[in-house]
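Student: Fold the following.
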Amino acid sequence: MNDKKELIIKSFVNLYRVNKNYETISLKAIAKEAGIGKSTIYEYFDNKEDLIAQTLVYSFNKATSNVLELDQEGLNFEDSLRSLLHSLLFKSEEVEFIFNVKKIDVIAMASKTVKDDMLNKVNDFKDQVRERFNVIFVKGIIEGKVTEELLKKNYLMINSLVFGSIRVFQVNHEDIEVDKFVEDLIKTILLIANN
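Tutor: Got it, this is the predicted structure:
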């Protein structure tokens, strides 16, 4: 990403963090925060809605890189599961922006290129997370923590539980204590995987 484009996005996120309402943040304020002229924003973005949509893509990339770069080498099954779940439930400026922006409205206003990029990134991320869970559950089978037969039988239920729980966390993230949420989710996964 171009340094100036990233500066504009980061300036917008900084203003959002203070203001909490992206609709009231003007391009003039973003330009001032970035130390550039307002016309420079138009070199990188079609309009404010395009800036918001591309900020969602940028934020998603930053937030998901935390998960995809996770090193679980040497961790046992439960610690690997705990590590991945914690990384999926992280809190950061990027995640706060993603959680709080009315994504449907913003994505609807975005260009086809931005929409397609976001959709591809979301689908790729889901596939990579599923693959991470598969690797972790192989560890669980090897360690005798879960049985292959029951895991196969209950895989769809576990997958739905994990992604559904992540969604619950996204909606209620301010009210949830992450460590307890992760531990309860692990207990539930183990219960399903072994019954």
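Student: contacts and neighbour counts: CA atoms only from here.
Tutor: Fine.
Student: So for the helix or strand hosting Glu131, what gets flagged as buried?
Tutor: Counting by DSSP states H and E, the element that carries Glu131 is helix 112-142. Under the neighbour-count criterion of 16 or more other Cα atoms under 10 Å, helix 112-142 has 114-115, 118, 121-122, 125, 129, 132-133, 136-140 buried.
Student: which regions of this protein lie under the pLDDT threshold?
Tutor: 1, 90-110 (pLDDT under 70).
Student: Break down it into its strands, ranges please.
Tutor: Using DSSP state E, no strands are assigned anywhere in the chain.
Student: residue boundaries of the helices in it?
Tutor: Under the criterion DSSP state H, helices of the chain are mapped to 3-19, 27-34, 38-44, 48-68, 77-88, 93-100, 103-109, 112-142, 148-172, 178-193.
Student: Could you list every helix and strand that the fourth one packs against?
Tutor: When you say that, I think you mean helix 48-68. helix 3-19, helix 77-88, helix 93-100, helix 103-109, helix 112-142 (3 or more Cα pairs under 8 Å, 6 or more residues apart in numbering; DSSP states H and E).
Student: ok so, going back, tabulate the buried residues of helix 112-142 in JSON lines, adding columns for distance to Leu161.
Tutor: Formatted as JSON lines, those follow (distance: Cα to Cα, whole Å):
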{"residue": "Val114", "distance to Leu161": "30"}
{"residue": "Lys115", "distance to Leu161": "27"}
{"residue": "Met118", "distance to Leu161": "24"}
{"residue": "Lys121", "distance to Leu161": "22"}
{"residue": "Val122", "distance to Leu161": "18"}
{"residue": "Phe125", "distance to Leu161": "17"}
{"residue": "Val129", "distance to Leu161": "14"}
{"residue": "Arg132", "distance to Leu161": "16"}
{"residue": "Phe133", "distance to Leu161": "12"}
{"residue": "Ile136", "distance to Leu161": "16"}
{"residue": "Phe137", "distance to Leu161": "15"}
{"residue": "Val138", "distance to Leu161": "18"}
{"residue": "Lys139", "distance to Leu161": "19"}
{"residue": "Gly140", "distance to Leu161": "18"}
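Student: out of those, who's nearest Asn76?
Tutor: Lys139 (7.1 Å; Cα to Cα).
Student: residue contacts, the closest one?
Tutor: Going by Cα atoms under 8 Å, 6 or more residues apart in numbering, Lys139 touches Asn76, Phe77.
Student: Roughly how far does it sit from Ser165?
Tutor: Lys139 sits 22 Å away from Ser165, going by Cα to Cα, to the nearest Å.
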